[in-house]
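Enquirer: Okay, predicted coordinates and the sequence, questions at the end:
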Amino acid sequence: MGYTLVYTQVLEFFPYLIRGALISLQIAILAFFGGMFFGLIFATIRTFGNKLMNSMVIWYVTFFTNTPQLVQIYFLFFALPEFGILLSPFIAVLLGMTLNAAAYLCEIQRAGFLSIRQNELDAAKTLNFTLTQQVKYVILPHIMKVLFPPLSNHYIIMTLGTSMAAIFGVEELTGRAFNINSETFRSVEIFSLTALVYIVITFIATFLLAVIGRYFFKAKMRIIQ
Amino acid sequence: MERLLEEIPSFFTIWNIIFLGKAMGVTFLLTAIGCFVGFSVGGLLAIFRKTKSLILLPLRFFIVIYTEIFRRIPFLVSLLLMFYVFQILKISDNLFLIATITVCLIATAYIGEIIESINQTQWDAAEAMNFSYFQILKEVIFPQAWKVILPPAFSFFIMFIKDTALASQIGVMELTFAAKILNNKGFSPLLSFGTILILYFILSFPLDRFGKYMEKRLVENRN
């Protein structure tokens, strides 16, 4: 045996690690909103589009939700240069995560669209609501209430997913943990510290999202499941 | 593109196919063991979380902490942490074992959580009818809960098929690692990674379809 955990050496790198966490958050947020944007387009096609476009989106979603994100990024990073498209690690990871997120968020947003009932729209029309009023008072509150919990859940999953960026050499939280590991060889210490940072940042995110969800959208959200 | 077409016959040799088939087996095995343990232990945890006695309070507290923590650490980080813990404690250097244990730990946390939250309404209803803890288990949960749990179980299985791709980072010989080896041997990344993307798809697509079918049937039965 003869191994003692020594954290002093690793703790010196703590500020460096935290700055890495900011990069992780940056990737997560950018990929999330990118995914939201494309997911919204796809969800609109799924709901209102013609048959051909509809089935294309269905295949896109099925493909991306059934293959690992890691391999998708590998593909983007290593196979695209064969066609002369060279992506930097950061861009490759961001693109891979966005494409992947678009598939999941399309499904989530479509479920939100479907949750609006025709009766409610009819009722709003009967009460002589204009279209903007319908969107503002009937459609949006309803959609946000249904959508907010799964969306925030997916955001947390994506924050954890950013750790994959380390494999491609992006210096985010896990990537910096790799660097510190190769410098100090305090492997268990550094990775347990990294795990703790992940727990803290996702917990803060869950807390903030639950507060926003409860007070703005009246969604049923718990901080601790 | 022409180079790629030339490469295809040398890529799909019998040895490479056996190699990829074995790797696919490892991916499946890793997922299957993880999900089996996840379901058994996760189910137990979910049941224990519903107990009311004061003596078991530390246990309930531990379960909540466990599920919260393991659902907030990226799989890659927990895998590496487990890898180094095994190394310093000199328990074993079997990489497959390390990956399996990590998958089991994470699966238990995720699946325990989902089982618990799915059955909440049933527990509430049964409690309102003054059923005791064991009555609820015997009369409500065991006879019918599995029907509710099964459809999301498929999506969890798929989730873990995808997550095990990260096990390639500690060197477990599964699909992604196999593709990396083929790529290092000089085959085009387009071919090696493209092939395993399709293999992953073949592995999880039937499960995805079957899960959706079960879900649909369940909703129809309910109405």
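Expert: Done, it's in.

Enquirer: contacting residues around A:Ser24?
Expert: Contacts here follow CB atoms under 8 Å, 6 or more residues apart in numbering or on different chains; on that basis A:Ser24 touches A:Thr159, A:Thr162, A:Ser163, A:Ala165, A:Glu172, A:Leu173, A:Thr174, A:Ile201. No exception for glycine: its C-beta is placed from N, CA and C like everyone else's.

Enquirer: gap between it and B:Phe154?
Expert: 30 Å (CB to CB, to the nearest Å).

Enquirer: Give me the buried stretch members for stretch B:108-125, please.
Expert: B:Thr108, B:Ala109, B:Tyr110, B:Ile111, B:Gly112, B:Glu113, B:Ile114, B:Ile115, B:Glu116, B:Asn119, B:Trp123 (16 or more other CB atoms under 10 Å in any protein chain shown).

Enquirer: which strands and helices sit next to the helix or strand where A:Ala92 lies?
Expert: Assigning secondary structure by DSSP states H and E places A:Ala92 in helix A:89-114. Counting contacts by 3 or more CB pairs under 8 Å, 6 or more residues apart in numbering or on different chains; DSSP states H and E, helix A:89-114 packs against helix A:14-48, helix A:51-66, helix A:69-74, helix A:140-161.

Enquirer: Give me every residue in chain A lying close to chain B.
Expert: A:1, A:3, A:62-63, A:65-72, A:74-75, A:78-79, A:81-82, A:156, A:160-164, A:166-167, A:174, A:177, A:187-188, A:191-192, A:194-195, A:198-199, A:202-203, A:224-225 (CB under 8 Å from any CB of the partner chain).

Enquirer: What's the PyMOL syntax to select whichever of those are buried?
Expert: In PyMOL syntax, the buried subset of the residues of chain A next to chain B is picked out as below (16+ other CB under 10 Å):
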select buried, chain A and resi 62+63+65+66+67+68+69+70+71+72+74+75+78+79+156+160+161+162+163+164+166+167+174+177+187+188+191+192+194+195+198+199+202+203
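
Enquirer: was I right about A:Phe191 contacting B:Tyr84?
Expert: Yes. Contact criterion CB atoms under 8 Å: A:Phe191 and B:Tyr84 qualify, at 6.3 Å.

Enquirer: What is the burial count for B:Phe19?
Expert: A total of 15 residues lie near B:Phe19 under the criterion other CB atoms under 10 Å in any protein chain shown.

Enquirer: got any ranges where chain A has weak pLDDT?
Expert: Scanning chain A with the threshold set as pLDDT under 70 gives A:1-2, A:225.

Enquirer: if I read this right, A:Leu76 contacts A:Pro89, doesn't it?
Expert: No. The pair A:Leu76 / A:Pro89 is not scored as a contact, 10.4 Å apart, by CB under 8 Å.

Enquirer: Between these two, which has more neighbouring residues?
Expert: A:Leu76 (21 against 17).

Enquirer: contacting residues for the more buried one?
Expert: A:Leu87, A:Ala92, A:Leu95, A:Gly96.

Enquirer: That one and A:Leu173, how far apart?
Expert: 21 Å.

Enquirer: same deal with B:Gly43?
Expert: B:Gly43 is 33 Å from A:Leu173, by CB to CB.

Enquirer: Then B:Ala179?
Expert: 26 Å.

Enquirer: now the strands for chain B?
Expert: Read by DSSP state E, chain B holds no strands at all.

Enquirer: center of it, which residue is that?
Expert: Geometric centre of chain B, nearest residue: B:Phe160, 3.3 Å, by CA atoms, centre = their mean.
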